[in-house]
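**Q** coords below, sequence missing:
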Ligand SMILES: Cc1cc2nc3c(=O)[nH]c(=O)nc-3n(C[C@H](O)[C@H](O)[C@H](O)COP(=O)(O)O)c2cc1C
């Protein structure tokens, strides 16, 4: 008798069975928080909207983005080797749309501050500065790994993207006394365990800094 299941009977249908429409419909049910990826290039500041952004590693601090092959903005950012991430607040859906189109001069008229990774959008919930660690082929996209060199955050609510629409996050009621009425957790940052990452927000504007950033 063997305890190993017969894997041939568990083989799912191959990729040919998955249509683009089905893929988009199913994956669109994974809610994400759009960010703006930006850089200061020789031809000026550039940026694009990206929902495929996620935390990869705490030590060293790494994040990842998935970038469509053929993105002209990415081709420009790649040459710089540094980028900034602005995590959008729920008031910034217009920016997500603006930076999601292939137009020139997306940062014209938009409030931003220079950061070590690139332009950081005013009013964003969080900013990260990164150096590009690696660019990996992944089908019709690249998976870009960034090493976080600097980060800050402020109070507020995130913008969400779900099934092609923008929306807001509604926190569930909690009896946790460290969470205030707006859903923010009071207290200090969780430790990042890496002296290489500077937390500018901590020194720059203590009153604006969020409490512990706790994964959902
Ligand atoms: C909500 C939203 C999420 C997006 N997420 C991504 C993404 O994860 N990766 C990506 O490459 N493009 C993403 N895009 C599309 C890019 O923002 C868009 O292709 C780019 O800005 C077009 O300009 P470019 O071709 O000049 O780079 C997203 C667009 C929107 C509106």
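**A** In hand now; what should we look at? Quick caveat, the model's predicted, so the values are computed rather than measured.
**Q** Summarise which helices and strands whatever helix or strand residue 24 lives in is packed against.
**A** Assigned by DSSP states H and E, residue 24 belongs to helix 20-27. In terms of contacts (3 or more CB pairs under 8 Å, 6 or more residues apart in numbering; DSSP states H and E), helix 20-27 is not packed against any helix or strand. For every residue, glycine as well, the C-beta is placed using N, CA and C.
**Q** Which secondary structure element of the chain has the lowest mean pLDDT?
**A** helix 200-204 (a mean of 46; mean pLDDT, DSSP states H and E).
**Q** where in the protein is pLDDT low?
**A** Along the chain, the parts satisfying pLDDT under 70 run over 1-15, 181-183, 185-216.
**Q** rerun that using 50 as the cut-off
**A** 2, 188-195, 202-216 (pLDDT under 50).
**Q** who are the neighbours in contact with the residue of it found nearest the ligand?
**A** Nearest to the ligand, among the residues of the chain, is residue 100, at 2.6 Å (CB to the nearest ligand atom). For residue 100, the contacting residues are 48, 49, by CB atoms under 8 Å, 6 or more residues apart in numbering.
**Q** Can you tell me the SS state at it?
**A** Look at residue 100: counting by DSSP: H, G, I helix; E, B strand; the rest coil, its state is coil.
**Q** Just want to check the distance between it and residue 114.
**A** 23 Å (CB to CB, to the nearest Å).
**Q** same check, this time on residue 23
**A** The value you get for residue 23 to residue 114, if CB to CB is used, is 38 Å.
**Q** now residue 33
**A** Using CB to CB, we find residue 33 at a distance of 23 Å from residue 114.
**Q** Enumerate the residues of the chain near the ligand.
**A** 34, 48-52, 66-68, 71-74, 96-97, 99-100, 102, 161 (CB under 6 Å from any ligand atom).
**Q** Show me how to select, in ChimeraX, the buried members of the residues you listed.
**A** In ChimeraX syntax, the buried subset of these is picked out as below (16 or more other CB atoms under 10 Å):
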select :34,48,49,50,51,52,66,67,71,73,74,96,99,100,161
